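*Asks:* Sequence and predicted structure, then a few things I'm wondering about:
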Amino acid sequence: MAKILIAEDEKPINDLIKLNLELVGHECAQVFDGSTALNKAYSGKYDLVLLDVMLPEISGFEIMEELKGVSVIFVTAKSNLNDKIKGLRLGADDYIVKPFEILELVERVKAVLRRTHKDSESFSFDGVEINFISKRVFKNGTEIILKPKEYALLEALVNNRNIALSREKILDLVWNFDYEGDTRTVDVHIQRLRQKLGIEDKLKTVYKTGYRLEI
Ligand code: CA
């Protein structure tokens with residue numbers, strides 16, 4: 001997974017971002033002011049910088065003007081359209097407005113890493129190996145044939161691992177927002193994944209919510 005620099009002066013928000021990106025497997029470093037952010041971002045050690053616009057000493061926009069060749073997602077409380085345009089014109093890869101949903105942040109980070117080819121091509125846990133390019137899945141070296149929705153569900157669970165996903169959120173992620181079916185479809189597919197991959201102990205039911213892949 002990726003190395004991510006979090007430049008955000010509000011410590012609770014910085015901590016929240018770090019906690020959740022680490023849960024899904026990223027390695028994070030935290031900075032709380034603009035000059036430290038600029039120095040660290042320049043080091044070339046990071047695949048992605050989450051950059052707050054309103055930072056002490058040097059603003060996120062000023063940092064962005066100095067930075068070249070580093071992927072950046074602006075994170076800011078300013079929902080102002082001009083700021084958004086300015087951020088993207090300065091070369092940011094994406095823009096997220098506070099307060100944001102953690103799942104949204106995780107997905108945007110994933111999307112930028114995928115676009116910039118910094119994400120991994122495969123992922124393994126518990127004898128299960130997933131190749132995101134070929135979309136083939138193996139258990140202890142033997143290929144397991146998954147139906148397209150079973151594969152999409154597995155990928156959604158892995159991308160959001162260690163986070164509890166509601167059945168409705170899983171429907172959104174795997175079946176898209178316009179799906180008319182009910183949440184029992186999710187239960188049926190979860191059950192099939194558990195059996196096919198032998199991951200009953202990792203793919204946990206979260207009481208009154210949904211499911212969580214614990215890795
Ligand atoms: Ca700030």
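*Replies:* Great, that's in hand. Residues are numbered from 1 along each chain as shown.

*Asks:* ok, the residue of the chain found nearest the ion - contacts?
*Replies:* Residue nearest to the ion within the chain (C-beta to the ion): residue 54, separated by 3.9 Å. All C-beta spots, glycine's among them, are computed from the backbone N, C-alpha and C. Counting by C-beta atoms under 8 Å, 6 or more residues apart in numbering, residue 54 touches 9, 60, 76-78.

*Asks:* Also residue 163?
*Replies:* 20, 23-24, 102-103, 106, 212.

*Asks:* Try it again at 6 Å.
*Replies:* Not one residue lies near residue 163 by C-beta atoms under 6 Å, 6 or more residues apart in numbering.

*Asks:* That one should be in a strand, yeah?
*Replies:* No - counting by DSSP: H, G, I helix; E, B strand; the rest coil, residue 163 is not found in a strand; it is coil.

*Asks:* what does the chain have sitting close to the ion?
*Replies:* 9, 52, 54 (C-beta under 5 Å from the ion).

*Asks:* give me that answer again for 8 Å
*Replies:* The chain has residues 8-10, 52-56, 76-77 near the ion, with proximity defined as C-beta under 8 Å from the ion.

*Asks:* Among the residues you listed, which lie within strands?
*Replies:* Mapping the residues of the chain next to the ion onto strands (DSSP state E) picks out 52, 76.

*Asks:* okay, the residues of the chain next to the ion in JSON lines with pLDDT next?
*Replies:* Shown next, in JSON lines, are those (pLDDT from 0 to 100):
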{"residue": "8", "pLDDT": "96"}
{"residue": "9", "pLDDT": "96"}
{"residue": "10", "pLDDT": "95"}
{"residue": "52", "pLDDT": "94"}
{"residue": "53", "pLDDT": "90"}
{"residue": "54", "pLDDT": "90"}
{"residue": "55", "pLDDT": "94"}
{"residue": "56", "pLDDT": "95"}
{"residue": "76", "pLDDT": "84"}
{"residue": "77", "pLDDT": "80"}
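
*Asks:* Distance of the residue lying closest to residue 52 once chain neighbours are set aside relative to residue 120?
*Replies:* Closest residue to residue 52 apart from its sequence neighbours, by C-beta to C-beta, 6 or more residues apart in numbering: residue 8 at 4.4 Å. In this view, residue 8 and residue 120 are 25 Å apart by C-beta to C-beta, to the nearest Å.

*Asks:* Of the two, give the one with the bigger neighbour count.
*Replies:* Neighbours were counted for residue 8 and for residue 120 using other C-beta atoms under 10 Å; residue 8 has more, 25 against 13.

*Asks:* Quick one: end-to-end distance for stretch 68-87.
*Replies:* With C-alpha to C-alpha, to the nearest Å as the measure, the ends of stretch 68-87 fall 14 Å from one another.

*Asks:* likewise stretch 199-215?
*Replies:* So stretch 199-215: terminal residues 11 Å apart, C-alpha to C-alpha.

*Asks:* Same check on stretch 203-212?
*Replies:* 6 Å.

*Asks:* how far does that stretch sit from the chain's center?
*Replies:* 19 Å (C-alpha atoms, centre = their mean, to the nearest Å).

*Asks:* What residues of it count as buried?
*Replies:* 203, 210-212 (16 or more other C-beta atoms under 10 Å).
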